[in-house]
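Novice: Pasting the sequence and the predicted coordinates here, then a few questions.
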Amino acid sequence: MSEDSVGLAFVTVLGVLEQAYFSLQVIYARRKFSVSPPSTAGPPEFERVFRAQANCSEYFPIFIIVLWISGVFFSEGLSCLCGLLYLYARLQYFQGYSESAQGRLAPLYSSTRVLWLLIWFCGAGVVLSFCRVYLNLDLMHRLHTALDLA
Amino acid sequence: MSEDSVGLAFVTVLGVLEQAYFSLQVIYARRKFSVSPPSTAGPPEFERVFRAQANCSEYFPIFIIVLWISGVFFSEGLSCLCGLLYLYARLQYFQGYSESAQGRLAPLYSSTRVLWLLIWFCGAGVVLSFCRVYLNLDLMHRLHTALDLA
Amino acid sequence: MSEDSVGLAFVTVLGVLEQAYFSLQVIYARRKFSVSPPSTAGPPEFERVFRAQANCSEYFPIFIIVLWISGVFFSEGLSCLCGLLYLYARLQYFQGYSESAQGRLAPLYSSTRVLWLLIWFCGAGVVLSFCRVYLNLDLMHRLHTALDLA
């Protein structure tokens, strides 16, 4: 496994570092707006940073899950590319949301689109693997052969 | 890996789609009860939908982790079956909680029982693998041999 | 895979059991301080337990991700050791936070240090694998050879 999926691992580590950056921003915002734990209520400026981090954290496991399933069962290269796009959109989302509730929308839609693309890749990967393992039918191979003949 | 665990990947993708459905319900509830981000406080009808989604999201990574460890180290078939039951119980939990705080309890207990079953499978899988790898003792094989002799 | 990573699976199952323990503590605190779902606001004693569990849950997927990437791509033994230290620090964090907001700090810093160590291992593992797979350069092997010659 460590041979094949170094690209997926790289994107994953990058994502963990991004989450670490978001967590640090919440700690700075807590200091700046004097919101001591365990409270999570404060001025809207603080609550936006807090909710931005909470939203990114909530989606992070789902992102990692679809990144790996798409990468292992469909295509590592395409998954890594989508992964990098997703992490970039999330960075923009965090910065946009920190400034205004409106500012989170455009990058949120981008990140959601990339996530749906990864979910589609997962679905395709699962169907292709299912056909190969249980129906002994290699659809990708057939497609390549058909294209070669054409 | 992509050969063996297509069933686990299928249940995982199904779970991701369920989480996406829950997230959409929160967005609809935000619109219906006019609760704009970053606020998460509103009428109890909104807060129940919000908490139902938050609770499912919180348990989702744990579910995926025990699904895969149980599937890889113990039995893929049993894990997938438990996984499907868990996702069904979580759907009932979400719908029950959206209607009343009381309505979440019965499916919450079902989903917890299935999760504990998966944790037991994980434990059994780790013990069996440990015996096989470090003690060179294949308990499952011995059990089969003993049953054949009996 | 089930041959190699039984240690990682063991630490993971231990972590899941710890999360289950934290969740039970929140249920007990809800009963003790009469905070019925979906509300999450209550006396500071309740909110500390609630936030302690929320914080541990938020970091749990990240912990599992870096544990496995570090274990698969760098060193299983070192990762398991760090994993056990992390779980112990999180237990102290939960107990400290339950008593006072101040009490969470020292174990939080310990757990963060262990997490950063695991992230460093992940980074090293990804770089080493990248060199081996794409540059055909086995840095670990070269290091061993150099040490043997010296």
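Specialist: Now that the structure is in, tell me what you want to look at.

Novice: pLDDT below threshold where in chain A?
Specialist: A:1-3, A:150 (pLDDT under 70).

Novice: Please tell me how far A:Gly123 sits from C:Pro107.
Specialist: 42 Å (Cβ to Cβ, to the nearest Å). Just so you know, the C-beta spots here come from the backbone N, C-alpha and C atoms, and that holds for glycine as well.

Novice: can you map out the helices along chain A?
Specialist: Applying DSSP state H to chain A gives helices spanning A:6-32, A:44-73, A:76-99, A:105-134, A:139-149.

Novice: Enumerate the residues of chain A near chain B.
Specialist: Within chain A, the positions adjacent to chain B are A:1, A:44, A:47-48, A:50-52, A:58, A:61-62, A:65-66, A:69, A:72-73, A:97, A:101, A:104, A:119, A:122-123, A:125-126, A:129-130, A:132-134 by Cβ under 8 Å from any Cβ of the partner chain.

Novice: what about A:Ser36, neighbour count?
Specialist: 9 (other Cβ atoms under 10 Å in any protein chain shown).

Novice: what do you get for the one 5 residues further on?
Specialist: One way to gauge burial is a neighbour count; for A:Ala41, by other Cβ under 10 Å, it gives 12.

Novice: Check the spacing between it and B:Gly83 real quick.
Specialist: Counting by Cβ to Cβ - A:Ala41 and B:Gly83 are separated by 37 Å.

Novice: Can I get stretch A:104-124 in PDB, CA atoms only?
Specialist: Below are the C-alpha coordinates for stretch A:104-124, written out as PDB (Å, rounded to 0.1, in the frame of the first residue of the first chain):
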ATOM      1  CA  ARG A 104     -18.200  32.000   2.700                       C
ATOM      2  CA  LEU A 105     -20.700  31.200   0.000                       C
ATOM      3  CA  ALA A 106     -18.700  31.200  -3.300                       C
ATOM      4  CA  PRO A 107     -15.800  29.000  -2.000                       C
ATOM      5  CA  LEU A 108     -18.300  26.800  -0.100                       C
ATOM      6  CA  TYR A 109     -20.000  26.000  -3.400                       C
ATOM      7  CA  SER A 110     -16.600  25.300  -5.100                       C
ATOM      8  CA  SER A 111     -15.600  22.900  -2.300                       C
ATOM      9  CA  THR A 112     -19.000  21.200  -2.400                       C
ATOM     10  CA  ARG A 113     -18.700  20.700  -6.200                       C
ATOM     11  CA  VAL A 114     -15.300  19.100  -5.800                       C
ATOM     12  CA  LEU A 115     -16.600  16.900  -3.000                       C
ATOM     13  CA  TRP A 116     -19.400  15.700  -5.200                       C
ATOM     14  CA  LEU A 117     -17.000  15.000  -8.000                       C
ATOM     15  CA  LEU A 118     -14.900  12.800  -5.600                       C
ATOM     16  CA  ILE A 119     -18.100  11.000  -4.500                       C
ATOM     17  CA  TRP A 120     -18.900  10.300  -8.100                       C
ATOM     18  CA  PHE A 121     -15.400   8.900  -8.600                       C
ATOM     19  CA  CYS A 122     -16.000   6.700  -5.500                       C
ATOM     20  CA  GLY A 123     -19.300   5.400  -6.900                       C
ATOM     21  CA  ALA A 124     -17.600   4.700 -10.300                       C
END
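
Novice: Up against chain C, what does chain A have?
Specialist: Contact residues, chain A versus chain C (Cβ under 8 Å from any Cβ): A:1-3, A:6, A:9-10, A:12-13, A:16-17, A:19-20, A:36-40, A:54, A:57, A:60-61, A:64.

Novice: The same query, at a cut-off of 10 Å, please.
Specialist: Residues of chain A found near chain C (Cβ under 10 Å from any Cβ of the partner chain) are A:1-17, A:19-20, A:23, A:36-41, A:53-54, A:57-58, A:60-62, A:64-65, A:68.

Novice: Please pick the buried ones from the residues you listed.
Specialist: With burial judged by 16 or more other Cβ atoms under 10 Å in any protein chain shown, the buried subset of these is A:2, A:5-13, A:15-16, A:19, A:23, A:37-38, A:40, A:53-54, A:57-58, A:60-62, A:64-65, A:68.

Novice: Buried deepest among the helices of chain A, which one?
Specialist: Mean neighbours per residue, mean count of other Cβ atoms under 10 Å in any protein chain shown, is largest over the helices of chain A for helix A:44-73, with a mean of 22.

Novice: relative orientation of that helix and helix B:44-73 in degrees?
Specialist: Calculated by axes from the mean of the first three to the mean of the last three Cα atoms, to 10 degrees, helix A:44-73 forms an angle of 30 degrees with helix B:44-73.

Novice: quick one, helix A:44-73 and helix B:6-32 angle?
Specialist: Here helix A:44-73 points in a direction 160 degrees away from that of helix B:6-32 (the same axes, to 10 degrees).

Novice: can you give me how far helix A:44-73 is from the chain middle?
Specialist: From the chain centre to the centre of helix A:44-73 is a distance of 6 Å (Cα atoms, centre = their mean, to the nearest Å).
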